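Undergrad: When you get a sec, could you give me coordinates for this:
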Amino acid sequence: MFNLTHKVAVISGAAQGMGRATALAVAEQGADVVLIDRNADGAHATSQLIQQMGRRTLVAETDVSDPAAIAELFREVDRVFGRVDFLGNIAGDGHLSKPEDLQIADLHRVLQNLVVGRFAMCQEAGRRMLAQGCGSIMNIGSLASSTALGRGHIAYSMAMGAVIQMTRELSTEWSHRGVRVNCVTPAQVINPSLQTRMDQDPTLEGRFLKGIPAGRLGVPDDIRGLAVLLASDESQWITGAIIPMDGGNMAMNAGGTPGHEKMAVQSFRSESAKRHWSLVIGHSGEGHS
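TA: Next up, the predicted model:
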């Protein structure tokens, strides 16, 4: 099961974080890997680890917000590998700003990067998968795809909401032709950018953890199992799915209390409320007799 031998995976953001973890995970199961990242040194470091497994790699510094550059990348993939079986659509930058201060140019940049660029990646990979009659795309969304985060995330959340709908539409259009499209929506996964923000604001991690019943932040390796499942033929009937990877964040109501906080379980109604209810019922019954 989960054998990816002879499959070719295209992974963006492969120098670090979830992109690197995804690339290593699919390579361990036998896939050759195209590693995309503007951090060329980091991508080459990932490539060396994969080559030590006996897999082939291609490293590219492609700007994943530029459809023309993406098209050129996939022509090179055609030349080197001749097929695409899995796309890990992971790389992308956001921008934090209060809604009233957000510059339209910054909004355009985020949408270009996270929506237009990701669609172009899906489109180029999808054309090749449709031609061969099979393939799988894993888009990375966010908790912000489905719920508001505040803290200046307006542009990022708008873009990530679009990624979910893009996933659903592509799945609906392509699934009957053998191409599956799913979206993984992580909560806070530790990466250098997030670590810097938590270092700047010592209260931030604690605020995050109040919404995560599992009691910890995510780490990049948390994506490994999902990536291998979605890349493999073992997930042939999973498509159009929005899959939280969030330690239970989405499942918990905003006013909920995680079990690890060990709060006492209260009565559903106070005793005085119960007595009042009994009196009302009794009075009503007497009136009908």
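
Undergrad: Which residue, other than its chain neighbours, is closest to S157?
TA: Closest residue in space to S157, ignoring its immediate chain neighbours: A144 at 4.1 Å, by CB to CB, 6 or more residues apart in numbering. Backbone N, C-alpha and C define where each C-beta goes, glycine included.

Undergrad: Count the neighbours of that neighbour for me.
TA: Counted with other CB atoms under 10 Å, residues neighbouring A144 total 22.

Undergrad: show me what contacts it?
TA: A144 sits next to H153, Y156, S157, M160, G161 when contact means CB atoms under 8 Å, 6 or more residues apart in numbering.

Undergrad: Which of the three states applies to the fourth one?
TA: The three-state label for M160, taken from DSSP: H, G, I helix; E, B strand; the rest coil, comes out as helix.

Undergrad: pLDDT weak spots in the chain?
TA: 265-289 (pLDDT under 70).

Undergrad: what residues does the helix or strand hosting A9 touch?
TA: With secondary structure defined by DSSP states H and E, A9 is part of strand 8-12. For strand 8-12, contacts defined as CB under 8 Å, 6+ apart pick out 19, 22-23, 26-27, 31-37, 62, 64, 74, 77, 81, 83-92, 121, 125, 231.

Undergrad: Might you report the residue contacts of K7?
TA: By CB under 8 Å, 6+ apart, the residues touching K7 are V26, G30, A31, D32, D85, F86, A231.

Undergrad: In a markdown table, list the residues you listed along with neighbour count and secondary structure.
TA: Formatted as a markdown table, the contacts of K7 follow (neighbours: other CB atoms under 10 Å; DSSP: H, G, I helix; E, B strand; the rest coil):
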| residue | neighbour count | secondary structure |
| --- | --- | --- |
| V26 | 29 | helix |
| G30 | 16 | coil |
| A31 | 27 | coil |
| D32 | 22 | strand |
| D85 | 24 | coil |
| F86 | 27 | strand |
| A231 | 28 | helix |
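
Undergrad: From those, pick the one nearest E169.
TA: E169 lies nearest to F86 out of those, by CB to CB, at 19.7 Å.

Undergrad: Now do that closest one against K7, distance only.
TA: 6 Å (CB to CB, to the nearest Å).

Undergrad: Can you pull the residues that touch both of these two?
TA: Taking CB under 8 Å, 6+ apart as the contact criterion, the common neighbours of F86 and K7 are V26, A31, A231.

Undergrad: between those residues, which is nearest R197?
TA: Distance to R197 across the shared contacts of F86 and K7 (CB to CB) is lowest for V26, with 29.2 Å.

Undergrad: In which helix or strand does F208 reside?
TA: helix 204-209.

Undergrad: Please apply the same query to N3.
TA: N3 belongs to no helix or strand, assigned by DSSP H and E.

Undergrad: can you pull out the helices in this structure?
TA: Taking DSSP state H, the helices of the chain run over residues 17-28, 40-51, 67-80, 104-111, 117-132, 154-174, 192-200, 204-209, 224-231, 271-288.
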